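# heads up, no residue letters with this:
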């Protein structure tokens, strides 16, 4: 009785305490609700054979016991023998049963893969969670628990899984003062001040969450780098994190500031061909590896947005990257060299633009648009990078817009190991307050065909190394994590972290599958709830495109903080920081002519791709204004004029947010009050901001089109002057703002 | 059975989830562990009569039901009639039973007080939680639950309680960009960007926590003020918070930047006697009160540390404060005018100091030391402030040091309503990583006798209005709250928030009582645990004084961030920002001569107080170096020389931290792993930093004393040069650092 009342009390405590504050992410092991299925699970999982001989296996065992206990109520205690309905977990080295099973089936799951299989040992029905390496067992345990969390059957299982990409990395744009560039979820989770002595529980839970989706690397610091993290004082702190992360299979990387030899090394130059500089980096790497033997390597942003780089010394990006590569190679480290570069040539272009722009928002230049910069810089360097260098390319040619065509670099550098950089943090996608599930965006890029080696040369095959048989592969996502209790601010931000990990492991997973998994694990397996919520998620990115940047518009957000609409801005410090640079609205029409008679950026793609986009009549309308300056009365496939289509898209976007609100309100009965309310409130903000986007953009573009907004649409709430007057000094994610 | 297993599952979930992440603060309603006591509670609390007619009473009822359910397992459902063991809660207006009870006992608990009493209604044994006003009922409910949480008997209760101070206020030094000046617990909990549409659960839980200890006001913004919070855009956000806080009895205040009429009002001047300026503030107040009818008023820092003020226009502090007072008075608002001022005269002194300091760390000036500034500025203004003005005085004359004598202002302004400013955030007390329970510091000041109206004129009586029969009273604590999951970073930081609230309500409570209450509510009622932990807490402040600033040393922390020891700093922007200004070490001795032949700051106290401190032979050694420049071979009461006493104190401080570590390690069995580990790790940091303080300070002062550290003490780990070389660019709590 005491036990019973105690339990009741704890149950109450959970509901009244903070059980659903979102901290648990998708790793909720609440009891299976379906009574019949619960009974099947309870019967099928009654014993455990799990010998552990490493920290990783210890963690895997605890996770498995904890998960099964929570999900089924069965408290498994590891035992020696094998009984019916026994789970056998481990590696060939840790378990004789696994060894025999692997031998019999000629299994080898590689460095990180796993197998989950029903089987038979001495006539007993068993279930294997096994792998060649320890970390594979941990991944297998999480995959197995996911089956339970998502209410999958356990009968006749034989799942073998291994990651398609080797290095699956989160990039944190976190500063040493704990602000986060483009962060919308509070402060950095790295408390540098209390490291190395204080190990926040979050560090452990962070590693665990990453392991659960197969993320195996983390760049701790901002690409806009601070050399100080490479000093001894900070390396001691980095080591403390690396030690925490190691058993979870999570490697630590740092951003390397190119000028570090000068800033903290006391050298006179950072020239990558200078022997003193090369030696400084070699010794720095030796120092790092003496402390962190499995240090991952460096991520470098060079000669971009004020960051120093090899070009400051008349050297090439390859010279710079290879210098780091040489220093890291003896230790097995890698260099991720960012291709997000628009420094030198654009500067000249800016002058030309300003010259050409005298007298209005013209289309002053046809060549050298920012779209082309990265390609121009890097394509000529193909084949010049060392073996442990990856070129880290953003998904699109500009900068993480709601929709971009894939970066032409993916089809242009066969001799270079290219890795993908996605952005999980929603810098241009509604930041911390809009519900946007990014898997469809990621998939759209991964599935895009570069035609680099004929049809089917999709970006995913470039990234996973299969197209050119490159040995080193990687993918990065700019993290959306902060110290908010629920990690990502918006509860649905968690889905983007999850989706990135899942796709990095297996880019063939569908967005729908990922959404479905995440919803079930994070909220509920209730059929109505899952159906409704996944529908919202799958539609959400296109909805955002509609109310923010339809038909190929892009980069018309508020300057600097990128919050809210500001298509009118034309006074930013350089031409290509101005929205007017990107949309090129004028009295004739809208859009950036990137065809042969425009900037000819299209020429950076293979002919097959060019053909898709080079004719405004046949170009997919999603990309229309990316490549064409189109008259306001241009006839769209729908029969609408461009102007009418713009009005239609902005309005359908707003209507769709209202639809999301209705859908969410309908699922209230199925989940906890706390997260329900959070999302409900955020959808109110999203709706307000969608309407703001629509009204501000249509009023502004109307000053060029001179056409009326069709009568069926809502009238704007304010004047264009009102929208132009809005200022957001403390918008989060920029400078010292949180 | 299903119910049972579900409960077991939830119980596990609580332990494995995040039940003890510290978010719940002291409001943990876990089941009473003492089986006999539990049974008594269960029998004594079986029914509830609680009619609610306001949001406040609704909250009180829910809290009471939730608390009793958690603590006893009894799920009370409010009923109409009265049975045996029934709780009757409410006001005379909401309950006929309360009405009769109040009439019979001639009770009136005032605006905020409550009564908890056993009683009899129609022959039934009942328990009243009642008050004259609704908010009193809520305070009574929390007080009652505290009885259960701390395992007190419920028999023959008759507790009447009312706050001794009217306005019990938290001051948040939170900036609009979410950094927190002197904050060591993450970012500001106010997410201005998502207000007013997004109401974070934290806002509600914050109000609830404050109500639970009787805090009834909150200044949302930094005293280093930003005028923008007074613009419409932000007032809408402030209103949203005020609406959340209102039913919890928590009023909202803002800091008013003196130059706001110029900065956001477009006026040419902020002269407090200018009619346009006065009208601007009047209209601003009208605007605020139209949105927030119970707005509390303004906190103003003027003419201090770069903040503008009335002296910028040749006016007095009284002119400035009274301008705000006039604008607020029609709405019932108050002005809290800070006395932390050291602007004008010190500037002149600095020049003299620099002059006098040529050739070494002398004692260049005998008059006008910073100690005397606030008194010099404000004592002459006594009686000049309007009725709704409070002068907000820091506890000591300098700035929240580990130990200060009480501010002489408390004994010097009989015609002025003085309020206390304590600092909960540990700017000079080990910041976010040292365990320091501040109640003994608060009590030391509150109990200090000003002798202003003869013996017994303690500071507490000045503050609570009883000494001079002032109608308006207030006390403020600078908050130590951030968005860390556990609110205060250090788990024991919560105790300072708690202690401030409890002492603000009743300054006669002892530190031991408060520590005991807090430990029982926050961790456990286990006798060994409570004894050990309260002992640590009660000793902790003196321990910090010993390893940081013994014998009256002060303000020798790192310049700017105030992190770590830096007694050697002599190059800060102004004389009184330099540690050398405060300790005045030279070849002869140590300490600041504030006697009649020194700066004569002592003259600011009443003769009885002067007599306590004016003779170095009889002065309490805790204050010795505050008032005397003492030779290195000065003989202390212990027989030690000053130098030996310094060595002894620094070492005993370090030894005591090690004692705290041992004590804490011994209580491991009694509490949760998560908080145990947090504190254990933080004590490691505290020990390291205590040793750092000792070694750095003794090595530095040794350069003056030229005496050896007695052989029995540990040798320093590094050289003085090493300690001097340490730099902390990203120490939290300053600039954009978190």
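Structure's in. What do you need? What you see is a predicted model; the values in this text were computed from it and never measured.

# Just give me the neighbour total for the closest residue to residue A:70 other than its chain neighbours.
For residue A:70, the nearest residue in space outside its immediate sequence neighbours is residue A:29; the separation is 3.0 Å by C-beta to C-beta, 6 or more residues apart in numbering or on different chains. Heads up, the C-betas are built off the backbone N, CA and C, glycines and all. Residue crowding around residue A:29 was assessed by other C-beta atoms under 10 Å in any protein chain shown; the count is 23.

# Quick check: residue A:29 touching residue A:65?
No: the pair residue A:29 and residue A:65 fails to qualify as a contact (C-beta atoms under 8 Å) at a distance of 10.5 Å.

# Tell me which residue in the stretch 501-650 of chain A sits closest to chain B.
Closest residue of the stretch 501-650 of chain A to chain B, C-beta to the nearest C-beta: residue A:563 (8.5 Å).

# which residues does that residue contact?
Contacts here follow C-beta atoms under 8 Å, 6 or more residues apart in numbering or on different chains; on that basis residue A:563 touches A:431, A:557, A:728, A:731.

# before we move on, what about residue A:109?
Contacts of residue A:109 were listed using C-beta under 8 Å, 6+ apart, and they are A:115, A:130, A:131, A:132, A:133, A:136, A:160, A:162.

# how about the residues you listed in TSV, adding pLDDT?
As requested, the contacts of residue A:109 are exported to TSV (pLDDT from 0 to 100):
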residue	pLDDT
A:115	98
A:130	98
A:131	98
A:132	98
A:133	98
A:136	98
A:160	98
A:162	98
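
# Farthest-apart pair in these, please.
Across the contacts of residue A:109, no pair lies farther apart than A:133 and A:160, at 14.0 Å, counting by C-beta to C-beta.

# Who has more neighbours out of the two?
Using other C-beta under 10 Å as the criterion, residue A:133 and residue A:160 rank with residue A:133 on top: 21 against 15.

# What about chain B: which of the contacts of residue A:563 touch it?
Judged by C-beta under 8 Å from any C-beta of the partner chain, the overlap between those and the neighbourhood of chain B comprises residue A:731.

# Quick one: which of the contacts of residue A:563 is the most crowded by neighbours?
For these, counting by other C-beta under 10 Å, the largest number of neighbours falls to residue A:431: 29 neighbours.

# For that one, which non-adjacent residue is spatially closest?
With sequence-adjacent residues excluded and distances taken as C-beta to C-beta, 6+ apart, residue A:431 is closest to residue A:184, at 4.8 Å.

# How many residues are close by the one you found?
Quick note: residue A:184 (other C-beta under 10 Å) scores 27 neighbours.

# what does residue A:670 give?
The number of residues packed near residue A:670 is 17, by other C-beta under 10 Å.

# That one and chain B, how far apart?
In this structure, residue A:670 lies at 17 Å from chain B, with C-beta to the nearest C-beta, to the nearest Å as the measure.

# pretty sure that residue is in contact with residue A:528, am I right?
Yes: because the distance of 6.7 Å satisfies C-beta under 8 Å, residue A:670 is recorded as touching residue A:528.

# mind listing what the residue of the stretch 601-738 of chain A found nearest chain B touches?
Evaluated by C-beta to the nearest C-beta, the stretch 601-738 of chain A has residue A:736 as its residue closest to chain B, separated by 3.3 Å. Contact analysis of residue A:736 by C-beta under 8 Å, 6+ apart lists A:177, A:179, B:177, B:179, B:735, B:736.

# For those, give me CSV that also has pLDDT, secondary structure and distance to residue A:506.
Below are these laid out as CSV (pLDDT from 0 to 100; DSSP: H, G, I helix; E, B strand; the rest coil; distance: C-beta to C-beta, whole Å):
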residue, pLDDT, secondary structure, distance to residue A:506
A:177, 97, coil, 37
A:179, 97, coil, 34
B:177, 97, coil, 40
B:179, 97, coil, 41
B:735, 90, coil, 44
B:736, 90, coil, 40
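
# can you name the two of these that are farthest apart?
Going by C-beta to C-beta, the two entries of the contacts of residue A:736 that are most distant from one another are A:177 and B:177, at 12.0 Å.

# tell me the domain ranges of chain A?
What automatic domain parsing lists as the domains of chain A is A:21-161, A:167-356+A:370-522, A:548-592+A:629-725.

# Give me whichever of the ones you listed is most buried.
Per residue and on average, the most neighbours among the domains of chain A fall to domain A:167-356+A:370-522, with a mean of 22 (mean count of other C-beta atoms under 10 Å in any protein chain shown).

# what about that one, how long is it end to end?
End-to-end span of domain A:167-356+A:370-522 (C-alpha to C-alpha, to the nearest Å): 26 Å.

# and that domain, how far from the chain's centre?
Using C-alpha atoms, centre = their mean, to the nearest Å, the mean C-alpha position of domain A:167-356+A:370-522 is found 10 Å from that of the whole chain.

# what about the longest helix seen in chain A, distance to the chain center?
In terms of residue count, the longest helix belonging to chain A (DSSP state H) is helix A:673-705. Helix A:673-705 sits 23 Å away from the centroid of its parent chain (C-alpha atoms, centre = their mean).

# Kindly report the same for stretch A:647-657.
Distance of stretch A:647-657 from its chain centroid, counting by C-alpha atoms, centre = their mean, is 26 Å.

# Correct me if wrong: residue A:313 contacts residue A:271.
Yes: between residue A:313 and residue A:271 there is a contact under C-beta under 8 Å: 4.0 Å.

# Roughly how far does residue A:123 sit from chain B?
Separation of residue A:123 from chain B (C-beta to the nearest C-beta): 31 Å.

# Also residue A:52?
As it turns out, when the distance is counted by C-beta to the nearest C-beta, residue A:52 lies 19 Å from chain B.

# is it true that that residue touches residue A:61?
Yes: taking C-beta under 8 Å as the contact criterion, residue A:52 and residue A:61 are neighbours in contact, 5.3 Å apart.

# And residue A:244, its phi and psi?
For residue A:244, the backbone dihedrals (degrees, to the nearest 10) come out as phi -70, psi -40.

# Identify the residue nearest it in space, chain neighbours excluded?
For residue A:244, the nearest residue in space outside its immediate sequence neighbours is residue A:203; the separation is 4.9 Å by C-beta to C-beta, 6+ apart.

# got the phi/psi numbers for the one you found?
Taking degrees, to the nearest 10, you get phi -60, psi -40 for the backbone angles of residue A:203.

# now residue A:220: how far from chain B?
Here the distance between residue A:220 and chain B works out to 14 Å (C-beta to the nearest C-beta).

# what residues are up against the nearest residue to residue A:329 once chain neighbours are set aside?
Once its chain neighbours are removed from consideration, residue A:329 has its nearest residue in residue A:388; the separation is 5.4 Å (C-beta to C-beta, 6+ apart). Counting by C-beta under 8 Å, 6+ apart, residue A:388 makes contact with A:297, A:325, A:328, A:329, A:332, A:333, A:334, A:335, A:472.

# and which of these is nearest to residue B:456?
Comparing every one of these with residue B:456 (C-beta to C-beta), the shortest separation belongs to residue A:297, at 70.6 Å.

# isn't the closest one right up against residue A:333?
Yes: under the criterion of C-beta under 8 Å, residue A:297 makes contact with residue A:333 at 3.6 Å.

# which helices and strands does the strand or helix carrying residue A:129 pack with?
Residue A:129 belongs to strand A:124-130 when assigned by DSSP states H and E. Of the remaining helices and strands, those touching strand A:124-130 by 3 or more C-beta pairs under 8 Å, 6 or more residues apart in numbering or on different chains; DSSP states H and E are strand A:86-90, helix A:96-105, strand A:114-121, helix A:134-149.

# Can you tell me the strand partners of the shortest one and which way each runs?
Pairing partners of strand A:86-90, with direction, according to DSSP bridges: strand A:47-50 (parallel), strand A:124-130 (parallel).
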